[in-house]
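**Q** Fold the following.
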Amino acid sequence: MKSARVRPRGACRFVAVAIVAALASAAIAEPITFDADSVQSSLAKDKERTILTGRASVKTGSISIVADRIELFGKDFTYLACTGAVTVVDTDKKIRLESPNLYYDRDKKLLRAQGPSVLQDDKNKLVLKAEWIESDNESEVTLAEIAVRIVKDKLACRAEYALYRRKDNILELTGSPSAFKDGDNYAASRIVVNTDTEDIQLEGEVKGSVRDKAKKADDATATKEADTKGVDAKGADDKAAGGGK
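**A** Numbering: from 1, shown residues only. Predicted coordinates:
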């Protein structure tokens, strides 16, 4: 078994080039490149393993990952185990994921985050927070568990479990789910949300409180009038400062 420990950043790039060259002959869908302050590698056949530490970064396809430590292992470096301030960016899907711990399977295109994690869907303007998140980039289905929080525009949801089917714009919530929108509160055994229209479907034991529509209209009018007065007052101040001209 051959192994090498390299600290200079430039030398790490050399090792990365060697690994990419080895993968070029393998039957994999996407090449992989990396960079780090320090790298420890074992390139023995079928036992490939590389550990990146210090400003570690990996790019494979449209996905870029940065972390304090990244371990690549398995045949053709199929698996990545990342720890410490992990950030994943998928430029094709327009998704960003932050987590203290992350596992990525390059063949299945499966991401699994553990610990307080945040998934930001820029395409659909949705933010999902949970203690555990698993995202299938192929099917665009995301599972989230424990202290799940979802925010989108004026909609906020809470639950213990969430299933987000991104292609269908459907969010399914279970485990004491609740939803809040425009001052209205909803709770049920199961809540289904259309993330495009923000329509809410309640199933099972349903509870909720809805604000009076007239009160909502009055609040909206009051807010608009306050904004208008603010603009008028600013204009008067500007005129006075200019000597009434």
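**Q** Quick check: phi and psi at Asp168.
**A** phi -90, psi 0 (degrees, to the nearest 10).
**Q** Likewise for Asp122?
**A** Backbone torsions of Asp122, given as degrees, to the nearest 10, read phi -70, psi -30.
**Q** give me the number of residues near the closest residue in space to it that isn't next to it in sequence?
**A** Ranked by CB to CB, 6 or more residues apart in numbering and with sequence neighbours excluded, the top spatial neighbour of Asp122 is Lys94, at 4.4 Å. Placement of C-beta: from N, CA and C, glycine included. Counted by other CB atoms under 10 Å, the residues lying close to Lys94 total 13.
**Q** Lys94 contacts Gln120, correct?
**A** No: counting by CB atoms under 8 Å, Lys94 does not reach Gln120; the two are 9.1 Å apart.
**Q** Can you pull out the low-pLDDT segments for this protein?
**A** For the chain, the stretches with pLDDT under 70 are 1-29, 212-245.
**Q** Per the annotation, how does it divide into domains?
**A** 3-214, 215-245 (automatic domain parsing).
**Q** ok, Ile51 to Glu71 distance?
**A** Separation of Ile51 from Glu71 (CB to CB, to the nearest Å): 5 Å.
**Q** nope, Gly84 is what I meant
**A** Gly84 sits 12 Å away from Glu71, going by CB to CB.
**Q** Tyr161 now?
**A** Distance, Tyr161 to Glu71, by CB to CB: 29 Å.
**Q** that older thread, what's the most buried one of the domains of the chain?
**A** Ranked by mean neighbour count, the domains of the chain are led by domain 3-214 with a mean of 17 (mean count of other CB atoms under 10 Å).
**Q** Show me the helices in this protein, by range?
**A** 9-24, 213-241 (DSSP state H).
**Q** wait, isn't Thr78 in contact with Tyr104?
**A** No: Thr78 lies out of contact with Tyr104 (CB under 8 Å); the separation is 9.3 Å.
**Q** quick one: Lys47 from Gly204, how far?
**A** From Lys47 to Gly204 the distance is 51 Å (CB to CB).
**Q** just Arg190 next, same as before
**A** Arg190 is 5 Å from Gly204, by CB to CB.
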